[in-house]
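*Asks:* coords please:
(chains A and B)
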Amino acid sequence: MTPAVEAAGLTRRFGRRTAVAGVDLRLDGGVVGLLGPNGSGKTTLLRMLATVLTPSDGDLRVLGRDPRRSGERTEIRRRLGYLPQDPVLYNGFTAYDVVDYVAVLKELADPEERRAEVRRVLEAVDLGDDVHRRVRALSGGTRQRVAIACALLGRPDLLVLDEPATGLDPEQRLRLRALVSDHGRSGTVLLSTHQTAEVAAYCQRVVVLLDGAVRFDGTPEGLAELARGRVWAGHSDRPGDHSWLTADGHPRAVGDPPPGAEILDPTIDDGYLLLVRGAGSTR
Amino acid sequence: MSAAATAAPADVSRARRAATAALVRLEAARTARSPWLWGGLALTAWAALLSGDADFQSGRYALATSAWSGLALGAFLHAVEAGGRDRARGPLAPAAPLADRERALARLLGLWPALVVTVAAVAVAAVVERLEGGFWMGDGATRIDDAVHGPLELLQPLALVALAGAVGVAAGRTCAWRGLASGIGAVAAVAFGFLSWAWQWSPARYVAPVQLQPVEVDLPATVDVAAVPDGWLLAAPDRYEGGWRRVIVSEAMAGWHSAYLLGLALVAAGIAVRGRSGRALALAGAAVAVAGVIAEVLVAPGSPAV
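*Replies:* Numbers count the residues shown, from 1 in each chain, chains lettered A, B, ... in the order given. I've put the predicted structure just below:
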């Protein structure tokens, strides 16, 4: 079985700034969450995997092919779904027309087949009566669902989603979870997000990117386990520690616990915090 | 999971061709529904009606041609919009197999309904002017009132709309401000289209977007207008021209002017498509345009070659 993504030493520079620095990554299926703070290189990495940005250095194969070669790039694109961070939709088109147009761009040329596929993805994102409204009249969340529908067209083997939950309400997020996890059963989904709860909910694997490099690659439980023994009930003012009041009013702190502190079970949030804030050792 | 499926190259290019053809159909449907196009046709009809006020020899005959600038403007404005869709904020579905070149090609070929509308409108205009008996041309004893546009003259609106559409797609794809491109197009339509009579002097008439017929050739001041050969049409001295002129409709010149316009359309299409095939298209178009102008000069009334 060919891996969906094989990257070795993948690097992307913009002038003197290195956005992605020597990433090694192999994706073999399932739903993979990509976490990282703003500017950590998530979007740049996803754009390279989606074949819209050429790597500066390193080896990359997507769906067994080299995206740097024009012919192979087209073959990758035939089996790829990509949701950009800031998706472009034609404002003067109706939602249906946009998805129909993208279906053609994805080489669904047969009218009957295309109509059925467009209907399928529009139903999947539950667009309802909004399908016949112009894009410029749609809310941000609805526009995002149209863009997700576009990415789902053609049942791609690899689905690359850059912050897919942006603008979605809780009900729509649940629907997105179902869609993505369903897709992950037969293919590979790589999604970036700022929401650790999303990752914990339906990602089998999580990759944390920091300053363009992979700082963690494992299961969501493994990410949470990084904070094992370093989360306690209480408040801390020490530099490097993080503390806050939880929803039920109890203080919770992450860092180096004081002697005798009540140690709590860590969550994925705690593990992520330790990684990105550099609170102590992480591996 | 992701087993790498391999398709034969022939299947791959067939799929791409079929998808490009489907995209042309989508673009064509949008062209056919474009308010710009139908607004342009209405502008042409209005300008043609206004040309009825041109109460001087060849006035209505000439202005009937410049009226097509309205339809050309409509095609241009629609094409700017279509060509510039992926320009403003980046491309729709950037990782889709049909990339920039196919999209540009589809937007160019998807303008065919504008050409169909033009052909139909030209046909209607040709029938109407024949039913009405034609136009006044020539003064004095040489005056006729049944002048009608010939087939090669009727090609010009088609070439003009093709040029406007191709330039519109190229402008939409290259100009960051669609509003600016549309504004410049509108000004050009007025300056070189509706006011095309201002550009009918040699050598401007060979390269102006709209060429009006008939052409007037100055006669010597000593000419005896009563003794000119049979069939000559003459324009009398007026407040703009001090002497008699021979009035000639040159179908050949009109035909070559259309070839020149189509050459320019290919240049614009090449700019829109870009890449190696775009450059080849632009070069071929430039060659056609240059050949068209040279031929125009050679067949122009008054030319030493005629």
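
*Asks:* now the helices: where do they sit in chain B?
*Replies:* In chain B, helices defined by DSSP state H lie at B:9-33, B:35-50, B:59-66, B:69-83, B:100-109, B:112-131, B:151-174, B:178-188, B:204-207, B:251-273, B:275-299, listed in chain order.

*Asks:* return the helix or strand in chain B with minimum mean pLDDT.
*Replies:* Comparing every helix and strand of chain B by mean pLDDT, DSSP states H and E singles out helix B:9-33 as the least confident one, with a mean of 91.

*Asks:* could you check the angle helix B:100-109 makes with that helix?
*Replies:* Angle between the axes of helix B:9-33 and helix B:100-109 is 40 degrees (criterion: axes from the mean of the first three to the mean of the last three C-alpha atoms, to 10 degrees).

*Asks:* correct me, but residue B:245 touches residue B:221?
*Replies:* No - using C-beta atoms under 8 Å, residue B:245 is not in contact with residue B:221, being 11.6 Å away. Heads up, the C-betas are built off the backbone N, CA and C, glycines and all.

*Asks:* so which of the two has more stuff around it?
*Replies:* Each of residue B:245 and residue B:221 had its neighbours counted (other C-beta atoms under 10 Å in any protein chain shown), and the higher figure belongs to residue B:245 (20 against 8).

*Asks:* so what sits opposite that one in the bridge?
*Replies:* Under DSSP bridges, the beta-bridge partners of residue B:245 are residue B:218, residue B:235.

*Asks:* gap between it and residue A:202?
*Replies:* Remark: distance between residue B:245 and residue A:202 (C-beta to C-beta, to the nearest Å) = 84 Å.

*Asks:* what do you get for residue B:63?
*Replies:* Applying C-beta to C-beta, the value for residue B:63 to residue A:202 is 69 Å.

*Asks:* per-residue pLDDT, the closest residue to residue B:163 other than its chain neighbours?
*Replies:* The shortest distance from residue B:163 to any residue that is not its chain neighbour, by C-beta to C-beta, 6 or more residues apart in numbering or on different chains, is 4.3 Å, and that residue is residue B:265. The pLDDT attached to residue B:265 in the predicted structure is 98.

*Asks:* quick one: low-confidence ranges for chain B?
*Replies:* Judged against pLDDT under 70, the low-scoring parts of chain B cover residues B:1-9, B:304-306.

*Asks:* got the residues of it near chain A?
*Replies:* In this structure, chain B approaches chain A at residues B:1-5, B:7, B:12, B:15-16, B:18-19, B:21-23, B:26, B:81, B:85-86, B:89-99, B:103, judged by C-beta under 8 Å from any C-beta of the partner chain.

*Asks:* write a ChimeraX command that selects only the buried members of these.
*Replies:* Buried residues among these (16 or more other C-beta atoms under 10 Å in any protein chain shown), as a ChimeraX selection:
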select /B:1,2,4,12,15,16,19,22,23,26,81,85,86,91,92,93,94,95,96,97,98,99,103
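
*Asks:* the residue nearest to residue B:163 against residue B:161, yeah?
*Replies:* No - the pair residue B:265 / residue B:161 is not scored as a contact, 9.2 Å apart, by C-beta under 8 Å.

*Asks:* packing partners of the least confident helix or strand of chain B?
*Replies:* Secondary structure elements in contact with helix B:9-33, counted by 3 or more C-beta pairs under 8 Å, 6 or more residues apart in numbering or on different chains; DSSP states H and E, are helix A:70-78, helix A:95-105, helix B:69-83, helix B:100-109, helix B:112-131.

*Asks:* centre of the chain to it, how far?
*Replies:* Relative to its chain's centre, helix B:9-33 lies at 26 Å (C-alpha atoms, centre = their mean, to the nearest Å).

*Asks:* please name the nearest non-neighbouring residue to the most centrally placed residue in chain B.
*Replies:* By C-alpha atoms, centre = their mean, the mean C-alpha position of chain B lies nearest to residue B:160, the distance being 0.4 Å. The shortest distance from residue B:160 to any non-neighbouring residue, by C-beta to C-beta, 6+ apart, is to residue B:72 (4.8 Å).

*Asks:* and residue B:31, what does it touch?
*Replies:* When contacts are counted by C-beta atoms under 8 Å, 6 or more residues apart in numbering or on different chains, residue B:31 touches B:37, B:78, B:82, B:110, B:111, B:112, B:113, B:114.
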